[in-house]
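S.K.: Just a sequence and a predicted model for now, questions to come.
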Amino acid sequence: MPTYTRWPVLAVAAIISIGLLAMPRLAESRTSVSLSIASAERALAISAIGITVPPTVNAAEGDSISIIATVGSGDPRSIITITLTGVPPGLNFATNTPAWLRPSATLSGSLGFQTAGTWQLHWIAFDQFGATDSKTTQLIIADTPTNLVLEARAFTSDAYRTIRLWGGKPTWCAQVEPMNEEFELDQIDLSTIRVSDARVYGTSFPASTLKPSDRDDQDRNGIEELTICVPSESFPLLFASVYGNELVPLAIEGHLLDGTSFRAEVTVRVIRSRIRTSVSPNPSNPRATLSVFTSEAGFVRVRLFDTSGRLVRTPVDVPWAAAGPHLFRLDGRDAAGRALGSGVYLYRVETSSGATNGRFAILK
């Protein structure tokens, strides 16, 4: 309800004195006249104020925007203040309030690349008498795909320049640093960093990072680096296309907090065992599968022995097999077709890639 201002009561009294002096014994006579102005109350209602803003603004990530709010009031004494909530990160809010002449406010700046969505901008204007008004602007920000890829540099220490797929280190680590001052390490979204074979599209693996306090400048070039690491559990798939001993370019990629991508490459030597074998299940009862991985095409021969070294059987003898994985069935029988008894047996696999030995057990 309206607020009123009470004006002070004004009372004026005028006293008129008339003295008559008729005779020495005549008593003095006084007449008083009081003139008063009755107290008056003046009521003034609060004048309404009104804030004007656009109801809807459409933009896209990366756009520069400027949204202006203006306020009008019917009371020239009003000193207006404007506030705003619900603002996307990275924008600037400025006002010329408190003010009584053309009060206004502006929201401006460039929209970041992780601000897509609908934002409710809530504007409020008020004066010192308690008059207030509010409006909402719906800011709709469209997602903007970005193809910009910033260049970064990656390198490794001597200890990590060679990766052995079997029997090597539990992790592989590299250092990554910005190039040409295009970004800062603090701008990187650490959860997005991934490592891949740069020759193979579509297969990448997450990398862990050391805590920011462990950053260093290992190559002493004046640029701080971020250390990223990949666990050895990722190696079989990360280097699935590697046979033998190869130089492999690794791509290290990620995103900044604003959605911009960065990429670096580093070359490492990857050594895969020239021949790998395993038996499953082990122990068997009595059938099992012998898995053989060869690094080059050629012959494959498998021979079984008992623990005394006596040849039991040659279950595999092929003149040519492609490089890569192979599966051979072991049926638990000797060369004459007789069932092998429970116990430990030895096998020797010979291929064009080399030879290796192993053992398995039959348990009935």
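M.R.: Yep, it's here.

S.K.: ok, the spatially most central residue of the chain - contacts?
M.R.: Geometric centre of the chain, nearest residue: Asp189, 4.5 Å, by CA atoms, centre = their mean. Applying CB atoms under 8 Å, 6 or more residues apart in numbering to Asp189 gives the contacts Gly254, His255, Leu256, Leu257. Quick note: C-beta positions are derived from backbone N, CA and C, even for glycine.

S.K.: now Glu151
M.R.: Contacts for Glu151 (CB under 8 Å, 6+ apart) come out as Met179, Asn180, Glu182, Phe262, Arg263, Ala264.

S.K.: average pLDDT for stretch 195-207?
M.R.: The average pLDDT within stretch 195-207 is 86.

S.K.: Next: stretch 291-305.
M.R.: Taken as a whole, stretch 291-305 has a mean pLDDT of 90.

S.K.: I would like the residues contacting that stretch, please.
M.R.: Contact partners of stretch 291-305, identified using CB under 8 Å, 6+ apart, comprise 243-244, 272-280, 290, 311-328, 330, 345-353.

S.K.: ok, 7 Å please
M.R.: Residues from elsewhere that reach stretch 291-305 (CB atoms under 7 Å, 6 or more residues apart in numbering): 243-244, 272, 274-278, 280, 290, 311-328, 345-353.

S.K.: Buried members of those residues into PyMOL, please.
M.R.: Those of these that count as buried under 16 or more other CB atoms under 10 Å are selected in PyMOL with:
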select buried, resi 243+272+274+275+276+277+290+312+313+315+316+321+323+326+328+345+346+347+348+349+350+351+352+353
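
S.K.: For the helix or strand encompassing Phe305, buried residues please.
M.R.: For Phe305, the host element (DSSP states H and E) is strand 298-306. Applying a neighbour-count criterion of 16+ other CB under 10 Å, one finds Val300, Val302, Arg303, Leu304, Phe305 buried in strand 298-306.

S.K.: Quick check: bridge partners of the last one?
M.R.: Listed by DSSP bridges, the beta-bridge partners for Phe305 are Leu311, Leu346.

S.K.: Likewise for the first one?
M.R.: Beta-bridge pairing of Val300, defined through DSSP bridges, involves Val318, Thr351.

S.K.: separation between it and Ser278?
M.R.: Remark: distance between Val300 and Ser278 (CB to CB, to the nearest Å) = 15 Å.

S.K.: With just CA atoms, put the one helix or strand Asp189 maps to into CSV.
M.R.: In this assignment (DSSP H and E), Asp189 forms part of strand 188-197. Only the C-alpha atoms of strand 188-197 are listed here, as CSV (Å, rounded to 0.1, in the frame of the first residue of the first chain):
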residue,chain,number,x,y,z
ILE,A,188,43.4,-27.3,-19.2
ASP,A,189,40.5,-29.6,-18.3
LEU,A,190,42.6,-32.4,-16.9
SER,A,191,39.8,-34.9,-17.2
THR,A,192,39.9,-34.6,-21.0
ILE,A,193,43.5,-35.6,-21.7
ARG,A,194,43.9,-38.8,-23.8
VAL,A,195,46.7,-40.6,-25.5
SER,A,196,46.4,-42.5,-28.8
ASP,A,197,48.5,-44.0,-31.6
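
S.K.: List the buried residues of that strand.
M.R.: By neighbour count with 16+ other CB under 10 Å, strand 188-197 contains the buried residues Ile188, Leu190, Thr192, Ile193, Arg194, Val195, Ser196, Asp197.

S.K.: correct me, but the third one touches Leu256?
M.R.: No. Using CB atoms under 7 Å, Thr192 is not in contact with Leu256; the gap is 8.7 Å.

S.K.: What segments of this protein are helices?
M.R.: Here the chain has its helices, by DSSP state H, at 235-238.

S.K.: Below-threshold pLDDT in the stretch 251-364 of the chain: ranges please.
M.R.: Within the stretch 251-364 of the chain, the stretches with pLDDT under 70 are 273.

S.K.: all strands of the stretch 201-350 of the chain, in order?
M.R.: 204-206, 208-209, 226-231, 245-256, 261-271, 275-280, 288-294, 298-306, 311-321, 324-330, 343-351 (DSSP state E, counting those that start in this stretch).

S.K.: ugh, wrong one, I meant the stretch 1-150 of the chain
M.R.: Counting by DSSP E, counting those that start in this stretch, one finds strands in the stretch 1-150 of the chain at the ranges 49-52, 56-60, 64-73, 81-85, 92-95, 104-110, 117-126, 132-142, 149-155.

S.K.: With mean pLDDT and distance to Arg164 as added columns, please give those in JSON lines.
M.R.: Listed next are the strands of the stretch 1-150 of the chain as JSON lines, based on pLDDT from 0 to 100; distance: least, CB to CB, whole Å:
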{"stretch": "strand 49-52", "mean pLDDT": "92", "distance to Arg164": "69"}
{"stretch": "strand 56-60", "mean pLDDT": "94", "distance to Arg164": "48"}
{"stretch": "strand 64-73", "mean pLDDT": "92", "distance to Arg164": "52"}
{"stretch": "strand 81-85", "mean pLDDT": "94", "distance to Arg164": "57"}
{"stretch": "strand 92-95", "mean pLDDT": "92", "distance to Arg164": "54"}
{"stretch": "strand 104-110", "mean pLDDT": "92", "distance to Arg164": "48"}
{"stretch": "strand 117-126", "mean pLDDT": "94", "distance to Arg164": "47"}
{"stretch": "strand 132-142", "mean pLDDT": "95", "distance to Arg164": "48"}
{"stretch": "strand 149-155", "mean pLDDT": "94", "distance to Arg164": "20"}
